[in-house]
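*Asks:* Here's my sequence, what's the structure:
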Amino acid sequence: MNRKIRVLIAKPGLDGHDRGAKVIARALRDAGYEVIYTGLRQTPIMIAEAALQEDVDVVGLSILSGAHMALVPRIREEMDKAGLQDVPIMVGGIIPDEDRAALQEMGVHGIFGPGTLTEEIVEYIENAVKAQSE
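*Replies:* Below is the predicted model:
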């Protein structure tokens, strides 16, 4: 890849806690990525439009509200409508173990809970982008 990896970090729904999203955004910038942080209370349509306009390689969702099973399918649907079927989605936040398989079936590739090392997230993104370009 001849350009920096571009990652969209979004806070969907009504969740107002964005400290984790900002920590991840900073860590990804420090790793050399271009990071677009959309801010709080983004709708699925807003996230898909931002991902399309910014030509991102990965979309990261920070969800602490417990609404991941409602929001992720809507975001995936809007991204698919926008022609972003190949853009991997990663989710961070409070994700119960019993929801992980269903999220993966929806197209979520990376799921990261509290305490995940930022290096692990960087490694995930590197591998996801590499797999997309092959």
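*Asks:* List phi and psi for the most centrally placed residue in the chain.
*Replies:* Nearest to the geometric centre of the chain sits residue 60, at 1.2 Å (C-alpha atoms, centre = their mean). Residue 60 has phi and psi values of phi -110, psi 130 when expressed as degrees, to the nearest 10.
*Asks:* I'd like to know how far it sits from residue 2.
*Replies:* Separation of residue 60 from residue 2 (C-beta to C-beta, to the nearest Å): 22 Å. To be clear about C-beta, it is placed using only N, CA and C from the backbone, and glycine gets the same treatment.
*Asks:* didn't the residue nearest to the centre of the chain look like it was pressed against residue 12?
*Replies:* No. Taking contacts as C-beta atoms under 8 Å, residue 60 lies outside contact range of residue 12: 10.9 Å.
*Asks:* What helices and strands are in contact with the top helix by length along the chain?
*Replies:* Counting residues, the longest helix in the chain under DSSP state H turns out to be helix 118-133. In terms of contacts (3 or more C-beta pairs under 8 Å, 6 or more residues apart in numbering; DSSP states H and E), helix 118-133 is packed against helix 19-30, strand 58-63, strand 89-93, strand 108-112.
*Asks:* In CSV: the ones you listed, plus mean pLDDT.
*Replies:* What follows is the helices and strands packed on helix 118-133, written out as CSV (pLDDT from 0 to 100):
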stretch, mean pLDDT
helix 19-30, 94
strand 58-63, 96
strand 89-93, 95
strand 108-112, 93
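*Asks:* Residue 91: neighbour count?
*Replies:* 25 (other C-beta atoms under 10 Å).
*Asks:* same check, this time on residue 123
*Replies:* Neighbour tally, residue 123, other C-beta under 10 Å: 13.
*Asks:* so where's the protein uncertain?
*Replies:* For the chain, residues meeting the criterion pLDDT under 70 lie at 1.
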